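# following is a predicted model, sequence given first.
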Amino acid sequence: MSTPLLFSTIEVTRQAFYRTALSYAIVNLKPIVPGHVLVIPNRPVPRLTDLTTPELTSLIASVQNVGRVVERAYGGDALTVACQDGKAAGQTDIYPALERSETDLPRDFQNLKVSSTTVQHHPFKVDADEDRLPRTLEDMEQEATWLRGFFTGTS
């Protein structure tokens with residue numbers, strides 16, 4: 001069994017869908033848009049500049065690989081990549097995470113309900129409100145399993 005993944009002090013192994021020796025990707029607890037995921041270095045550091053060159057290389061390569069899957073899985077043709085690198089930039093976690101999300105979804109692409117092989121459409125609004133409710137662990141695990149399939153060839 002692989003080593004459990006921690007995001008800050010929270011165990012996120014079940015939310016992970018992509019993993020390398022130096023970085024991993026998880027689905028988001030409170031996504032703003034469909035496909036909103038986090039790509040995170042394994043080693044907690046306060047700032048991107050604290051990562052070693054191999055860690056930073058792995059992180060960026062992971063963002064690229066995850067981005068390809070997010071576009072394909074959610075039917076988008078553009079992505080937003082964001083990193084809050086430091087407190088003044090809005091970083092609230094103990095280390096920076098690069099976020100990927102769809103920015104140009106098809107017009108009818110509304111809130112996703114993910115099953116093992118299909119995406120179902122439901123009304124969705126872009127919701128950056130801090131009061132939005134977190135998803136259940138089961139919902140996040142289901143999405144992670146679905147996304148993992150794109151890397152293993154089962155989706």
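Arrived safely, thanks for sending. In this text, all values refer to a predicted model and were calculated from it rather than measured experimentally.

# ranges for the helices of the protein?
Here the chain has its helices, by DSSP state H, at 53-74, 137-152.

# and the angle for the shortest one with helix 53-74?
Computed with axes from the mean of the first three to the mean of the last three C-alpha atoms, to 10 degrees, the direction of helix 137-152 lies at 100 degrees from that of helix 53-74.

# how far is helix 137-152 from where the chain is centred?
Taking the mean of its C-alpha atoms, helix 137-152 sits 11 Å from the chain's own mean (C-alpha atoms, centre = their mean, to the nearest Å).

# can you put the helices of the chain in TSV and add distance to residue 82?
In short, each C-beta sits where N, CA and C put it, glycine included. Shown next, in TSV, are these (distance: least, C-beta to C-beta, whole Å):
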stretch	distance to residue 82
helix 53-74	11
helix 137-152	19
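
# in CSV: these, plus mean neighbour count.
Output for these, formatted as CSV (neighbours: other C-beta atoms under 10 Å):
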stretch, mean neighbour count
helix 53-74, 17
helix 137-152, 17
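
# residue 36 is nearest to which of those?
Among those, the nearest to residue 36 by C-beta to C-beta is helix 53-74 (8.9 Å).

# any chance of the helices of the chain in JSON lines, plus mean pLDDT?
Output for the helices of the chain, formatted as JSON lines (pLDDT from 0 to 100):
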{"stretch": "helix 53-74", "mean pLDDT": "93"}
{"stretch": "helix 137-152", "mean pLDDT": "93"}
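
# ok, which of the ones you listed comes nearest residue 85?
Checking those against residue 85 by C-beta to C-beta gives helix 53-74 as the closest, at 11.7 Å.

# quick one: which of the helices of the chain is nearest residue 86?
helix 53-74 (15.6 Å).

# by contact count, what packs against the closest one?
strand 16-19, strand 23-27, strand 37-41, strand 79-83, strand 98-102, helix 137-152 (3 or more C-beta pairs under 8 Å, 6 or more residues apart in numbering; DSSP states H and E).

# turn these into JSON lines, including distance to residue 56.
As requested, the helices and strands packed on helix 53-74 are exported to JSON lines (distance: least, C-beta to C-beta, whole Å):
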{"stretch": "strand 16-19", "distance to residue 56": "17"}
{"stretch": "strand 23-27", "distance to residue 56": "9"}
{"stretch": "strand 37-41", "distance to residue 56": "8"}
{"stretch": "strand 79-83", "distance to residue 56": "11"}
{"stretch": "strand 98-102", "distance to residue 56": "11"}
{"stretch": "helix 137-152", "distance to residue 56": "21"}
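
# I'm done for today, thanks for sticking with me.
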